[in-house]
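K.L.:
Provided below for reference: sequence and predicted model.
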Amino acid sequence: MKEIGKILAAVDLSESSIRAAKRAAMLALAHDAQLELLNVVESGLLEQLRVLLGSESSEQQLDVVDNTRLAVGALATDLHEQYGVFAAVRVVSGRVVRCLSDETDALGADLVVMGARGQNIAKDILFGSTAENMLQKNHTPALIVKHAPAQPYQRVLVPVDFSPASRAALDLARRMVPNAELIVMNAFIVPYEGQLRMASVADDTIEHYRDMALNESRYHLRQFLRAAGLGEDDCRSLAVNGDAWMAILEQQKKQQCDLVVMGKNGSGVIEDFLLGSVTKMVLRRASCDVMVAS
């Protein structure tokens with residue numbers, strides 16, 4: 001498996017992004033990886049300064065960038081003192097998602113780490129979070145951090161639907177957190193169960209179909225894990241009846257997982273550059289950190 005050599009942490013100096021930077025530092029330490037802290041001064045802010053201040057705006061814009069660079073540098077110093085990791089600092093101006101994507105490519109990052117919410121919460125709610133927008137456009141694995149890190153990840157849930165995206169998620173989880181307990185789950189449903197009930201099909205018959213779907217899910221799980229080179233001692237597997245995103249959230253809490261790793265989309269998504277609806281729901285509602293494979 002490819003090693004994790006370069007990690008990019010997006011920081012806007014919000015509490016959420018500082019938590020993300022700390023988790024990025026922990027991962028950089030664990031993988032002996034290069035860490036870069038990236039701050040994007042939004043071009044809209046600089047334009048507002050230009051309109052408000054006129055001829056004085058150039059100096060004020062430089063002050064904004066310089067002060068931001070000092071603040072991010074102070075964060076890098078804190079990370080070094082706490083984790084013993086040296087972090088490079090880069091401050092650029094422009095559109096956040098575009099700059100994040102460009103810097104990810106320029107660095108050759110193996111992982112992008114960001115907070116679940118940035119400073120502009122109202123904008124996130126209206127137009128989708130920076131994290132979601134980044135995932136739409138980027139092809140690098142991303143970690144969305146929701147909590148301050150107290151320890152390395154202990155228990156990881158990997159939802160799979162047996163698609164290539166699921167395999168990428170499983171490989172990423174094994175590569176990123178090799179020492180964590182691994183739980184691989186598949187959510188299944190009984191085909192046309194609603195219609196069967198409306199047609200007054202007997203409960204015993206529906207239960208029979210559910211057992212068949214359960215056995216099929218377990219069979220495909222075994223085949224999927226075997227193809228990935230995993231045996232019964234390497235992970236736990238779960239076949240769960242229910243809608244995918246609800247089943248994932250339920251199992252994340254029930255199994256007390258501190259990380260969910262999943263594909264960007266599943267087998268039901270036509271355009272592979274789109275962020276799947278299940279992934280979006282888990283990103284928004286999971287009570288733990290979420291990592292999305294490219």
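P.N.:
It's in.
K.L.:
CA only for contacts and neighbour counts going forward, please
P.N.:
OK.
K.L.:
show me the beta-bridge partners of residue 34.
P.N.:
When assigned by DSSP bridges, residue 34 has beta-bridge partners residue 6.
K.L.:
please report the number of neighbouring residues for it.
P.N.:
Other residues near residue 34 number 20, with proximity taken as other C-alpha atoms under 10 Å.
K.L.:
show me the contacts for it.
P.N.:
The contact partners of residue 34, taken as C-alpha atoms under 8 Å, 6 or more residues apart in numbering, are 5-7, 28, 86-87.
K.L.:
and it, how far is that from residue 98?
P.N.:
22 Å (C-alpha to C-alpha, to the nearest Å).
K.L.:
also residue 28?
P.N.:
For residue 28 relative to residue 98 (C-alpha to C-alpha), the value is 24 Å.
K.L.:
of these two, who's got more company?
P.N.:
Legend: neighbour count by other C-alpha under 10 Å for residue 28 and residue 98, higher for residue 28 (24 against 15).
K.L.:
where does that one land in three-state SS?
P.N.:
helix (DSSP: H, G, I helix; E, B strand; the rest coil).
K.L.:
residue contacts, it?
P.N.:
6-7, 34-35, 85.
K.L.:
now render the residues you listed as JSON lines, adding pLDDT and distance to residue 23.
P.N.:
Shown next, in JSON lines, are these (pLDDT from 0 to 100; distance: C-alpha to C-alpha, whole Å):
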{"residue": "6", "pLDDT": "98", "distance to residue 23": "14"}
{"residue": "7", "pLDDT": "98", "distance to residue 23": "11"}
{"residue": "34", "pLDDT": "98", "distance to residue 23": "14"}
{"residue": "35", "pLDDT": "98", "distance to residue 23": "11"}
{"residue": "85", "pLDDT": "97", "distance to residue 23": "12"}
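K.L.:
for the contacts of residue 34, which one is nearest residue 175?
P.N.:
Comparing these against residue 175 with C-alpha to C-alpha places residue 5 closest, at 11.5 Å.
K.L.:
excluding its backbone neighbours, what's nearest residue 76?
P.N.:
In space, and not counting its chain neighbours, residue 76 is closest to residue 87: 5.6 Å by C-alpha to C-alpha, 6 or more residues apart in numbering.
K.L.:
just to revisit the earlier point, if any of the contacts of residue 34 are buried, put those into a PyMOL selection.
P.N.:
Filtering the contacts of residue 34 down to the buried ones (16 or more other C-alpha atoms under 10 Å) takes a single PyMOL command:
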select buried, resi 6+7+28+86+87
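K.L.:
in a markdown table, list the contacts of residue 34 along with distance to residue 255.
P.N.:
Conversion of the contacts of residue 34 to a markdown table gives the following (distance: C-alpha to C-alpha, whole Å):
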| residue | distance to residue 255 |
| --- | --- |
| 5 | 30 |
| 6 | 31 |
| 7 | 28 |
| 28 | 27 |
| 86 | 35 |
| 87 | 34 |
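K.L.:
ok, so of the contacts of residue 34, who is nearest residue 178?
P.N.:
Looking across the contacts of residue 34 and measuring by C-alpha to C-alpha, the closest to residue 178 is residue 28, at 14.0 Å.
K.L.:
so where do the helices sit in this structure?
P.N.:
Secondary structure of the chain by DSSP state H: the helices cover 15-31, 43-53, 57-83, 96-107, 121-127, 130-137, 164-176, 193-198, 203-227, 244-254, 277-285.
K.L.:
out of these, which gets nearest to residue 238?
P.N.:
helix 203-227 (7.7 Å).
K.L.:
so which bits of that closest one are buried?
P.N.:
206, 209-210, 213-214, 217-218, 220-222, 224-225.
K.L.:
next, count neighbours for residue 94.
P.N.:
Look at residue 94: counted by other C-alpha under 10 Å, it has 15 neighbours.
K.L.:
the nearest residue to residue 86 once chain neighbours are set aside: how many residues sit nearby?
P.N.:
Closest residue to residue 86 in three dimensions, ignoring its sequence neighbours and counting by C-alpha to C-alpha, 6+ apart: residue 80, at 5.5 Å. Neighbourhood size, residue 80 [other C-alpha under 10 Å]: 14.
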